[in-house]
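# pasting the sequence and the predicted model now:
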Amino acid sequence: MSNNKDCNRVIVLVVGAGPAGLAAAIKLKTQKPDIDICIVEKSADLGNHNLSGAVLEYEPLHTLLDAASPGWRDTDAAKEVLANVIDKDNIMFFLGKFLSFNILFVLKLAKIFGIGFGQMIHEGNYSVSISKLTKWLGQIAKNLGVEVLTGFAVSDIILDESSGMATGVKLVDRGLNKEGHKQPNFVEGEIIYADFVVLAEGCDGLVTEIFVKKANLQRQSPKLFSVGVKELIKVSPEQYQKFTSGRVVHAMGYPIWTPVLGPGMFGGGILYAGDQDHLAVGMIVGADWKYCDFNPQDALTNFKNHRFVRKFIQGGQVVEAGAKMIPEGGFYAIPREPKTGNIGKANVMILGDSAGFVNMLKIKGLHNALDSGIQAANAIMQSLDNPETAASVYTRLVDKSNIGREMRAAKNFRQTVAKFGPLQGMPLSILGRFLPKYKVENDYEAMTIAKYRLKPNQNFDKDTFTAMAATAHREEEPSHLTILDPQVCKTKCTPLYNSPCITFCPAGVYEMIHNDVKPANSSNCLHCKTCQRKCPFDNIRWTVPEGSGGPRYKRM
Ligand code: SF4
Ligand code: SF4
């Protein structure tokens, strides 16, 4: 095992400085202060690529910080990041543009009777900005001596074929031009060698998926996703006061599901308080939508115009915006080694959203991401002399932990909804784990020629949305988006579906140019990866651009 301080060789290498990766590093440093840990993060600054709902169950965070940083509760950062404790939990059903009903009592009844979605109650939790949470945790990690390298993207994981162990990761080359030729400033991506590799890239992580393929991990069910689009709006002090800082609204029904007439999609709207005079409004839609002209931003527009929402945000100014996907496949979509069931292999562990630890009964995953970091740290501590056992120790700890309990309890929920639709699927999911494992299709296979009935009159202003995400990439770098077969676009997709990527990409990256669909504005990309999972012909590949590219979220 390595002990030297060469920056190209560390004991623990974490890919991704999100909550899961940072929790792993903090927990490890708490237990073993002299261990070398390096975190590689593709965003320009901590928190820039983190966007979330974001209700946070506090237990894993408190456990982590009580050990790592006693007195953390009294710090200014803690007071700012954890300022909003939820004391008003609205679970709403929207019927059409005007009517709304608070159905929290239904969930409370479900909780009393031990029915799964009774877990969807948020009172007592924090509503947080995950960007701020990440930045704060990153600073704690740095203070403990963790090396956090922002602006460095990873393109590959290197496996030793004879041992099956990972030897390290390769960083993305810098300084190529659009055609892929080396420019004078070309720097070849270095290899960082490590004894342990922790994959904590977030949803649909590129290196994670490369590793899943190389190590032959498998999922019992396809990955399922939802797409979230979100805006942070500065409202008047009166509107903020009326809403109150401890309130969280989750709304189902209109505009993505309505009885009889449709549309019939899974998901809902969110509205919660940010810092002073700011409200976050968002729309989360299951990526198995079937409408070829649908864009989650259209649903967001309708949601913002609903009478219940409008009164809180009317006249407000959008100050930040963004989009991302959420892994919803649950228990059956966790990548595991077929023989052992390990969530990883040998000295490689997969954490948080990269593994898919979102509990769909709670619509929460942040607590599980943090907890998976804690479990990975414990696994490394137990495997210091035998790195090849880390993944199996980690899996044992995860399966025994609250993550394992939650994932097993919620294991059929999303598949049931995907199979039967929200109307039948939600009630049926009451039977929970007693249901059989349904065979479901990939999200992209759900596309049809049907049209979204509630399309707003005006197209969504994607330019402003993208500007509010402050996204940027070096203009001269090669495009990180590839259309595999342009003929498929021309001969199949455009005649049948009218090129849905042009509509659903939240940043307007795809355009029709001289009858060819192209990722013409790849520098606007928000790294949500929706195109890769929703192109109806599975014809788009997203790769990691040079480090520092992408959105620059600060308060999402
Ligand atoms: Fe259709 Fe995919 Fe081509 Fe876009 S990239 S036009 S969604 S096949
Ligand atoms: Fe998201 Fe793809 Fe559009 Fe980028 S190009 S913003 S990954 S849908």
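Structure's in. What do you need? Ligands and ions are numbered 1, 2, ... in the order given.

# quick check: residues of the chain near ligand 2?
For the chain, the residues in contact with ligand 2 (C-beta under 6 Å from any ligand atom) are 481, 505-507, 509, 525-531, 542. All C-beta atoms are positioned from the backbone trio N, CA, C, and that covers glycine.

# so what's P327 bridging to?
Beta bridges link P327 to F225, judged by DSSP bridges.

# surely it is in contact with D353?
Yes - with contact defined as C-beta atoms under 8 Å, P327 reaches D353; the gap is 5.4 Å.

# now do the helices in the stretch 251-400 of the chain.
With helices called from DSSP state H, counting those that start in this stretch, the stretch 251-400 of the chain shows them at 296-305, 307-313, 352-355, 366-382, 390-400.

# those helices: which one's closest to G421?
Counting by C-beta to C-beta, G421 lies closest to helix 296-305 out of the helices of the stretch 251-400 of the chain; the figure is 16.6 Å.

# enumerate the residues of the chain near ligand 1.
Going by C-beta under 6 Å from any ligand atom, the residues of the chain near ligand 1 are 483, 488-489, 493-494, 499-501, 510, 517, 535-537, 539-540.

# for I157, see how far away the closest residue to T389 other than its chain neighbours is.
Using C-beta to C-beta, 6 or more residues apart in numbering and skipping residues adjacent in sequence, the residue nearest T389 is S383, 4.7 Å away. For S383, the distance to I157 equals 18 Å [C-beta to C-beta, to the nearest Å].

# about what we covered before: which residues are in contact with both of P327 and D353?
Contact criterion C-beta atoms under 8 Å, 6 or more residues apart in numbering; residues shared by P327 and D353: 203, 365.

# ok, the two, which is more surrounded?
Legend: neighbour count by other C-beta atoms under 10 Å for P327 and D353, higher for D353 (29 against 25).

# list the contacts for that one?
Residues counted as contacts of D353 (C-beta under 8 Å, 6+ apart) are 18, 20, 202-203, 205, 326-327, 365, 369.

# G118 now?
By C-beta under 8 Å, 6+ apart, the residues touching G118 are 107-112.

# neighbour count, pLDDT and secondary structure for those - can I get that in TSV?
Compiled in TSV, the contacts of G118 are given as follows (neighbours: other C-beta atoms under 10 Å; pLDDT from 0 to 100; DSSP: H, G, I helix; E, B strand; the rest coil):
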residue	neighbour count	pLDDT	secondary structure
L107	19	85	helix
K108	15	87	helix
L109	12	87	helix
A110	18	84	helix
K111	15	85	helix
I112	9	86	helix
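
# so how far is F413 from the closest residue to K437 other than its chain neighbours?
Distance criterion C-beta to C-beta, 6+ apart; nearest residue to K437, sequence neighbours excluded, is Y332 at 6.2 Å. Distance of Y332 to F413, given as C-beta to C-beta: 11 Å.

# which of these two has more residues huddled nearby?
Set side by side, Y332 and F413 show more neighbours around F413, with 25 against 20, by other C-beta under 10 Å.

# G330 is in contact with the more buried one, correct?
Yes - using C-beta under 8 Å, F413 is in contact with G330, at 6.6 Å.

# quick check: neighbours shared by those two?
M360.

# what's L261 in contact with, if anything?
L261 makes contact with R453, according to C-beta under 8 Å, 6+ apart.

# same deal with A68?
By C-beta under 8 Å, 6+ apart, A68 lies in contact with 26-27, 29-30, 140, 144.

# just the buried members of the residues of the chain next to ligand 2?
Among the residues of the chain next to ligand 2, those classed as buried by neighbour count (16 or more other C-beta atoms under 10 Å) are 481, 505-507, 509, 525-531, 542.

# can you lay out these as a markdown table showing secondary structure and distance to K242?
Shown next, in a markdown table, are those (DSSP: H, G, I helix; E, B strand; the rest coil; distance: C-beta to C-beta, whole Å):
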| residue | secondary structure | distance to K242 |
| --- | --- | --- |
| L481 | strand | 42 |
| C505 | coil | 35 |
| P506 | coil | 29 |
| A507 | coil | 33 |
| V509 | coil | 37 |
| C525 | coil | 37 |
| L526 | coil | 31 |
| H527 | coil | 35 |
| C528 | coil | 32 |
| K529 | coil | 37 |
| T530 | helix | 34 |
| C531 | helix | 38 |
| W542 | strand | 41 |
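
# would you turn the residues you listed into JSON lines with pLDDT?
Output for those, formatted as JSON lines (pLDDT from 0 to 100):
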{"residue": "L481", "pLDDT": "96"}
{"residue": "C505", "pLDDT": "98"}
{"residue": "P506", "pLDDT": "98"}
{"residue": "A507", "pLDDT": "98"}
{"residue": "V509", "pLDDT": "98"}
{"residue": "C525", "pLDDT": "97"}
{"residue": "L526", "pLDDT": "98"}
{"residue": "H527", "pLDDT": "97"}
{"residue": "C528", "pLDDT": "97"}
{"residue": "K529", "pLDDT": "97"}
{"residue": "T530", "pLDDT": "98"}
{"residue": "C531", "pLDDT": "98"}
{"residue": "W542", "pLDDT": "96"}
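
# if we can go back for a sec, looking at the helices of the stretch 251-400 of the chain, which is buried most?
Per residue and on average, the most neighbours among the helices of the stretch 251-400 of the chain fall to helix 352-355, with a mean of 30 (mean count of other C-beta atoms under 10 Å).

# CA atoms only for that helix, dumped as CSV, please.
In CSV, the C-alpha atoms belonging to helix 352-355 read as follows (Å, rounded to 0.1, in the frame of the first residue of the first chain):
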residue,chain,number,x,y,z
GLY,A,352,-24.8,8.1,-3.5
ASP,A,353,-26.6,9.0,-6.7
SER,A,354,-24.0,7.2,-8.8
ALA,A,355,-25.3,4.0,-7.2
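
# how distant is that helix from the center of its chain?
8 Å (C-alpha atoms, centre = their mean, to the nearest Å).

# how many neighbours does the residue nearest to T389 have?
Close neighbours of S383, defined as other C-beta under 10 Å, add up to 21.

# is the residue located most distally from the centre of the chain in a helix, a strand, or coil?
In the chain, counting by C-alpha atoms, centre = their mean, P184 sits farthest out from the average C-alpha position, at 36.0 Å. Three-state call for P184 (DSSP: H, G, I helix; E, B strand; the rest coil): strand.

# I'd like the numbering to begin with 758 instead of 1 from here.
With 758 as the first residue, the last one maps to P941.

# excluding covalently adjacent residues, which one is nearest to it?
Counting by C-beta to C-beta, 6+ apart, the residue nearest P941 is G932, at 7.6 Å.

# can you pull the contacts of the one you found?
G932 sits next to 939-944 when contact means C-beta under 8 Å, 6+ apart.

# if you set the cut-off to 6 Å instead, what comes out?
Shown in contact with G932 (C-beta atoms under 6 Å, 6 or more residues apart in numbering): 940, 942-944.

# now do A1126
776-777, 1109.

# mind redoing it with 10 Å?
Taking C-beta atoms under 10 Å, 6 or more residues apart in numbering, we find A1126 in contact with 775-780, 809, 813, 817, 887, 957, 959, 1108-1112, 1114-1115, 1160.

# pLDDT weak spots in the chain?
Within the chain, the stretches with pLDDT under 70 are 758-764.

# in stretch 1178-1198, what counts as buried?
The neighbour-count check on stretch 1178-1198 (16+ other C-beta under 10 Å) flags 1178-1179, 1182-1183, 1185-1187, 1189, 1192, 1195, 1197 as buried.

# out of those, who's nearest ligand 2?
Nearest to ligand 2 among these: V1197, at 22.0 Å, using C-beta to the nearest ligand atom.

# break this protein into its domains for me.
766-835+887-976+1091-1166, 840-886+981-1083, 1219-1299 (automatic domain parsing).

# tabulate those in TSV, adding columns for distance to M1204.
Below are those laid out as TSV (distance: least, C-beta to C-beta, whole Å):
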stretch	distance to M1204
domain 766-835+887-976+1091-1166	18
domain 840-886+981-1083	6
domain 1219-1299	4
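
# okay, those domains, which one's buried deepest?
By mean count of other C-beta under 10 Å, those have domain 766-835+887-976+1091-1166 as the most buried, with a mean of 21.

# distance between the ends of that one?
One end of domain 766-835+887-976+1091-1166 sits 40 Å from the other (C-alpha to C-alpha, to the nearest Å).
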